[in-house]
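Participant: Provided below for reference: sequence and predicted model.
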Amino acid sequence: MAQGGTQPRSVDAPEQVPGLLKLLLLLLFRPVDLHYRLRAAGVCAPGARLGVLSREASEGREAPAVYVRRMLLLLLVVAPVTTELLGLALVGAGLPLERGWVLSALVCSAAGLLVAQVLGLAAGVLLGSLASLSTLLGLHATAAGAFGPGMSGSAGMMVGLCLGGVAGLACGSISGITIGRGPTVVRVQMAAIVTSLMPMLVWSGATNTSYAGAVAASALVAFLVCAFRLPLYALEVLASALAYAVERWTGRPTLGWVPVRHHNLSYLPHPFLGRHLALAVRSRPAEVLAVADACLRSPGNIVVGWPWVVQALESAAPEGAGEPRG
């Protein structure tokens, strides 16, 4: 896998910058792939601050300019509009919401723009956009009493879930697009602790301790669940088993189905992946190497993707004596 560093100034391929929807999906699910794709397009530092990227664009290079325009469009247009539509849908479904969610969405976009100037464009877009959506439940629904009295434990739990969910989802994506790899397990745990301590410090003096404790505990749980993408892992297990079974019993090539090629931030190993590689290694070595490269970008599947594992598979006996455990 390519390493970090500055991209040669001669590279400028704006056509390689993903379109709006694909950019959003890559940012959420494949930020490491997006990091290297943007660098190949000529964006020297995909996770840099807005000012740095704007200076790149001002030098006459089209790729950074396209990237900045599309990211700002996500933050300043797509996120507020989506929040407004979702708010209308929730009200139509009968969930009480305090009025003003459109204004809250605009405030979140403005806050995201500030974060983009201070921490990085990707960080601002992710935090601002996700916060815009989460305020519907974490602010307006709780203020309207949808989850009990305003300072009750149940209301605190909803606030904490929204806070931890936003931070947890953004954590891996920001790291992936900034440095080209997901955060380590230790860093995720440390960030989860910091996220849970913040509401304790903010609310413990201003509100009752049960509310502050509910916010902190639920924020910790939500951060870990979202940062490690645990709900998604259940689908990855099913997809991995299905892909292996289809190729094992029908011979149809299904390595393109394996989740490791479509998600960079899975922290748990995918079952059957090693056995699936062993099935295909003699007939489709190039495809196996592509999956092995994807494994190097997945924290839970790095061992399967090591080059020496692929070499061992290539020299394995036909009976599969050298299959890796998967």
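Facilitator: Okay, I see it.
Participant: can you give me the helices in the stretch 101-250 of the chain?
Facilitator: Assigned by DSSP state H, counting those that start in this stretch, the stretch 101-250 of the chain shows helices spanning 101-118, 121-135, 142-143, 153-179, 185-203, 209-227, 230-250.
Participant: comparing the ones you listed, which stretch has the densest surroundings?
Facilitator: helix 121-135 (a mean of 26; mean count of other C-beta atoms under 10 Å). Using the backbone N, CA and C atoms, a C-beta is placed for each residue, glycine as well.
Participant: now for the helices of the stretch 101-250 of the chain, which one comes closest to residue 19?
Facilitator: helix 121-135 (15.2 Å; C-beta to C-beta).
Participant: how close does the nearest residue to residue 115 once chain neighbours are set aside get to residue 89?
Facilitator: The shortest distance from residue 115 to any non-neighbouring residue, by C-beta to C-beta, 6 or more residues apart in numbering, is to residue 124 (3.8 Å). As judged by C-beta to C-beta, to the nearest Å, residue 124 and residue 89 stand 26 Å apart.
Participant: now do residue 53
Facilitator: With distances taken as C-beta to C-beta, residue 53 is found 34 Å from residue 89.
Participant: the two - which one has more neighbours?
Facilitator: Using other C-beta atoms under 10 Å as the criterion, residue 53 and residue 89 rank with residue 53 on top: 24 against 11.
Participant: please tell me how far that one sits from residue 125.
Facilitator: 12 Å.
Participant: I figured residue 109 was touching residue 79, is that so?
Facilitator: Yes. The pair residue 109 / residue 79 is scored as a contact, 6.0 Å apart, by C-beta atoms under 8 Å.
Participant: list residues touching both of those two?
Facilitator: Shared contacts of residue 109 and residue 79, defined by C-beta atoms under 8 Å, 6 or more residues apart in numbering, are found at 128, 129, 132.
Participant: can I get the residues you listed in TSV including pLDDT?
Facilitator: Shown next, in TSV, are these (pLDDT from 0 to 100):
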residue	pLDDT
128	97
129	97
132	96
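Participant: include distance to residue 144 when you put those residues into JSON lines, please.
Facilitator: Formatted as JSON lines, the shared contacts of residue 109 and residue 79 follow (distance: C-beta to C-beta, whole Å):
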{"residue": "128", "distance to residue 144": "23"}
{"residue": "129", "distance to residue 144": "23"}
{"residue": "132", "distance to residue 144": "18"}
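Participant: what's the closest of those residues to residue 231?
Facilitator: The closest of the shared contacts of residue 109 and residue 79 to residue 231 turns out to be residue 129 (C-beta to C-beta; 19.5 Å).
Participant: so the closest one sits right up against residue 77, yeah?
Facilitator: No. The criterion here is C-beta under 8 Å, and residue 129 misses it with residue 77 at 10.5 Å.
Participant: what pLDDT is listed against residue 307?
Facilitator: For residue 307, the pLDDT comes out at 55.
Participant: ditto for residue 4
Facilitator: Predicted confidence (pLDDT) for residue 4: 46.
Participant: same question, residue 207
Facilitator: pLDDT for residue 207: 67.
Participant: any idea how many residues pack against residue 273?
Facilitator: Close neighbours of residue 273, defined as other C-beta under 10 Å, add up to 27.
Participant: hang on, I meant residue 137
Facilitator: Neighbourhood size, residue 137 [other C-beta under 10 Å]: 20.
Participant: could you do the one 3 residues further on as well?
Facilitator: Using other C-beta under 10 Å as the criterion, residue 140 is surrounded by 21 other residues.
Participant: hang on, it packs against residue 84?
Facilitator: No. When contacts are counted by C-beta under 8 Å, residue 140 is not listed as touching residue 84 (12.0 Å).
Participant: quick check: residue 268 is in a strand.
Facilitator: No. Looking at residue 268 with DSSP: H, G, I helix; E, B strand; the rest coil, it is coil, so not inside a strand.
Participant: for it, grab the count of nearby residues.
Facilitator: By other C-beta under 10 Å, the residues close to residue 268 number 15.
Participant: list the contacts for residue 66?
Facilitator: By C-beta under 8 Å, 6+ apart, the residues touching residue 66 are 14, 17.
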